[in-house]
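Trainee: next come a sequence and a model predicted from it.
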Amino acid sequence: MRKINYFFLVGACLLLVASQGCRGRRTRVTVKTKNGTIKTKTTVTIRTRPPARPRVVRGRAPGAGYVWVSGRYDWRGNRYVWVKGRWARPPRTGAVWVAGRWDARGGTYVFVKGRWK
């Protein structure tokens with residue numbers, strides 16, 4: 001009887017420790033800019049490394065002037081979810097898409113959003 005309780009307790013502790021790496025933390029910062037608009041920036045910090053990017057078949061662009069916006073892993077709840085890439089028109093002439101990425105920072109991973117440059 002005691003052995004069963006001991007193994008149950010050890011198993012529960014191991015499960016608790018393992019699940020700690022799967023939790024993400026969202027930090028929301030609200031900033032008032034010089035022109036009076038309010039911007040909100042959300043930072044997601046995760047302890048587990050994102051999976052490798054899958055191989056993607058882009059297909060043909062739907063028309064002239066379209067740029068491929070690469071896919072990315074999002075953190076939803078307690079796991080990574082792949083968001084497919086897409087074809088998009090740049091917001092202005094000469095704009096280049098800079099893909100989002102997960103940066104390693106002090107034992108955690110922080111998502112840096114993709115943007116038009």
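Mentor: Good, I have the coordinates. The model shown is predicted, which means the values in this text are computed figures rather than measured ones.

Trainee: how far away is Val98 from Trp75?
Mentor: 20 Å (Cβ to Cβ, to the nearest Å). In this view, the C-beta of every residue, glycine as well, is placed from N, C-alpha and C.

Trainee: more neighbours: the two, which one.
Mentor: Taking other Cβ atoms under 10 Å, Val98 and Trp75 do not tie; Trp75 has more neighbours (21 against 13).

Trainee: packing partners of the strand or helix carrying the more buried one?
Mentor: Element membership for Trp75 (DSSP states H and E) is strand 72-76. Here strand 72-76 touches strand 79-83, strand 108-112, going by 3 or more Cβ pairs under 8 Å, 6 or more residues apart in numbering; DSSP states H and E.

Trainee: pLDDT on the last one, on average?
Mentor: Okay, so that is strand 108-112. Strand 108-112 shows a mean pLDDT of 93 in the predicted model.

Trainee: who does the next helix or strand after that strand pair up with?
Mentor: Scanning forward in sequence from strand 108-112 by DSSP H and E, the next helix or strand is strand 115-116. Applying DSSP bridges, strand 115-116 is found paired with strand 97-98 (antiparallel).

Trainee: what segments of the protein are strands?
Mentor: In the chain, the segments counted as strands under DSSP state E are 24-32, 38-46, 67-69, 72-76, 79-83, 86-88, 97-98, 101-105, 108-112, 115-116.
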